[in-house]
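Undergrad: Fold the following and give me the result.
(one chain, ligands or ions: 2)
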Amino acid sequence: MDEFALNPLYEKVIDGLAEQKYSVVDGFFTDAEVQGLRDGLLAKFEAERFKKSAIGNQANEQVQTAVRGDFILWLDEETATGAEKAFFDTIKDFTQYLNRTCYMGIAKQEFHYALYPEGTFYKRHLDTFQNDSSRKLSMVCYLNDEDWKPEYGGELTLYLNDNGTEKALDIYPVKGRVVVFESQVLEHEVKPVKQKRLSITGWLKTREY
Ligand code: OGA
Ligand code: MN
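TA: Ligands and ions are numbered 1, 2, ... in the order given. Down below sits the predicted model:
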């Protein structure tokens, strides 16, 4: 394939980011890719490899269920299995595209599986840490198996600035949907879930200064 051909999915993400600081793209990953990642997530969760999520980074990590109730497992590129390897290949391809076409300066990425058990949520927050501003783009890929019904809850709510007025946008975690947004700009939350909610969440990062 032509190395410089336009990729319509990536262009959609870029247009959304440029116009509104976020983008929602369905079908970013194929059904087979989503299924492979979902199977990988569930196998590792059942093998008890997930841990209770925390807030803050390594330097000041704290488990706070009143803020955040999901369980996570960081993905390790070195030991990635088939579906995870393919996932990282796509992320790298996407990153190179962003750097080449938008000079984004993405140098690293980090991703974790996340599972929100029934009754959990993640209160309104920003995806940056006080002592590290290297997270540039947040990227969430939903791995739920069926059409997510509104009564399951678990919306990702983005708080947008509409000419000085705050506007809340609810996004349902539908299978194969990818949401990308500016980590340092958009506050957001995960509303309480009434049904187990699965995703891969991560960050495209610049170098740390
Ligand atoms: C996060 C987060 C959103 C989502 O993990 O920081 O905000 O929709 N996740 O899962
Ligand atoms: Mn977040």
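Undergrad: Report the central residue of this protein.
TA: Among the residues of the chain, the smallest C-alpha distance to the mean C-alpha position (Cα atoms, centre = their mean) belongs to V140, namely 1.9 Å.
Undergrad: In this structure, which helix is the longest?
TA: Among the elements of the chain assigned as helix by DSSP state H, the one spanning the most residues is helix 82-102.
Undergrad: And the contacts of that helix?
TA: Contacts made with helix 82-102 from outside it, assessed by Cβ atoms under 8 Å, 6 or more residues apart in numbering, are listed as 7, 10, 13-14, 29, 33, 36-37, 39-40, 75, 77, 80, 104-106, 109, 111, 137, 139, 200, 202, 204. Placement of C-beta: from N, CA and C, glycine included.
Undergrad: Also stretch 71-78?
TA: Contacts for stretch 71-78 (Cβ under 8 Å, 6+ apart): 41, 44-45, 49-53, 84, 87-88, 110-117, 200, 202.
Undergrad: List, out of the residues you listed, those positioned next to ligand 1.
TA: Within the set of these, contact with ligand 1 (Cβ under 6 Å from any ligand atom) is found for A114.
Undergrad: Out of the contacts of stretch 71-78, which sit inside helices?
TA: Among the contacts of stretch 71-78, the members falling in helices are L41, K44, F45, E84, F87, F88 (criterion: DSSP H).
Undergrad: before we move on, the earlier item: list the buried residues for the longest helix of the chain?
TA: Judged by neighbour count (16 or more other Cβ atoms under 10 Å), helix 82-102 contains these buried residues: A83, E84, A86, F87, T90, I91, F94, T95, Y97, L98.
Undergrad: Looking at the ones in helices among the contacts of stretch 71-78, point me to the pair that's furthest apart.
TA: When Cβ to Cβ is used, the two most widely separated members of the ones in helices among the contacts of stretch 71-78 are F45 and F88, lying 19.7 Å apart.
Undergrad: dump the residue contacts of F50.
TA: When contacts are counted by Cβ under 8 Å, 6+ apart, F50 is found next to K44, F71, I72, L73, Y113, L115.
Undergrad: which of the residues you listed lies closest to ligand 1?
TA: Nearest to ligand 1 among these is I72, at 7.9 Å by Cβ to the nearest ligand atom.
Undergrad: Excluding chain neighbours, what is closest to K194?
TA: Among residues not flanking K194 along the chain, G153 sits closest, at 4.7 Å (Cβ to Cβ, 6 or more residues apart in numbering).
Undergrad: beta partners of that neighbour?
TA: When bridges are taken as DSSP bridges, the partners of G153 come out as V193.
Undergrad: tell me the contacts of it?
TA: Residues K191, P192, V193, K194, Q195 are the ones in contact with G153 under the rule Cβ under 8 Å, 6+ apart.
Undergrad: Over to G202?
TA: L75, I91, Q109, E110, F111, H112, S138, M139.
Undergrad: Please report the distance of it from Y22.
TA: If you measure G202 against Y22 using Cβ to Cβ, to the nearest Å, the figure is 15 Å.
Undergrad: what's the neighbour count on the closest residue to ligand 1 within the chain?
TA: Of all residues in the chain, the one sitting closest to ligand 1 is L156 (3.5 Å; Cβ to the nearest ligand atom). Using other Cβ atoms under 10 Å, L156 has 24 other residues around it.
Undergrad: OK, contacts around it?
TA: Shown here is L156, whose contacts under the criterion Cβ under 8 Å, 6+ apart are V140, D170, I171, Y172, P173, V179, H188, E189, V190.
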